[in-house]
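**Q** model this:
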Amino acid sequence: MSEYDDYIDIFLDESSIKEDGAICSTKDAVAFYPDWVSAGNVSVHAYNEIENLKKVRMRSIAISKSKSDLNKKSNYQISKAEVARAIGVKPQPLFHSDTTTYSEKLLIFINDVNLELVEKRELKLNRSKNGISSRTKEDIVSGFKKQNKTLIEQKESMIDELYKKFKAELSFDVKAKLKIR
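**A** Here you go, the predicted structure:
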């Protein structure tokens, strides 16, 4: 991977990169789009905006630290109004028009993307956490007390063993002078 891969991932979508790595124009990129996307109407802009918003939402799901970050629907879903606002049109004719050939498929596409985002969110929320941050305060305190108790018991038993060993290795006359039995 080169140092420019992050730039390409963030600022360019895959549809604007040719197989040899060269960046192509929007007209050349139409071959990479689904068949319902056309450069002659706003479907290409809507498609690109949905893909860009999908990347943003995927990234926000991936970096979220708490469940509360993913409670707000706008943090993990793409709204039709948001897409329409970004490309400068109204959502009704963009997604629900009988006169355009792409409206129905664009609606299916955004619904599929939202389903994928919901699945990613559910995976993130249901993933079991490891480590101290996932435990409650009571669990941490009781664990500390238990470990502290076992540590004290181990210390006492070690001291008793050392004393017994020391006493066993002393000569009889030293024991008599120290008055140790």
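**Q** chain center to the host helix or strand of residue 115, what's the gap?
**A** Taking DSSP states H and E as the criterion, the element that holds residue 115 is helix 103-126. For helix 103-126, the distance from its own C-alpha centre to the chain's C-alpha centre is 16 Å (Cα atoms, centre = their mean, to the nearest Å).
**Q** swap in stretch 62-74?
**A** 9 Å.
**Q** re earlier: the helix holding residue 115 packs against which elements?
**A** Contacting helix 103-126 under the criterion 3 or more Cβ pairs under 8 Å, 6 or more residues apart in numbering; DSSP states H and E are the following elements: helix 43-63, helix 80-87, helix 91-95. C-beta coordinates here come from the backbone N, C-alpha and C atoms, glycine included.
**Q** how about the last one: buried residues?
**A** For helix 91-95, burial by neighbour count (16 or more other Cβ atoms under 10 Å) applies to 94-95.
**Q** that helix - contacts with which helices or strands?
**A** Contact analysis of helix 91-95 by 3+ Cβ pairs under 8 Å, 6+ apart lists helix 80-87, helix 103-126 as its packing neighbours.
**Q** can you do 10 Å?
**A** Helices and strands touching helix 91-95, by 3 or more Cβ pairs under 10 Å, 6 or more residues apart in numbering; DSSP states H and E, are helix 43-63, helix 80-87, helix 103-126.
**Q** just the second one next, same as before
**A** Identification of packing neighbours for helix 80-87 by 3+ Cβ pairs under 10 Å, 6+ apart yields helix 43-63, helix 91-95, helix 103-126.
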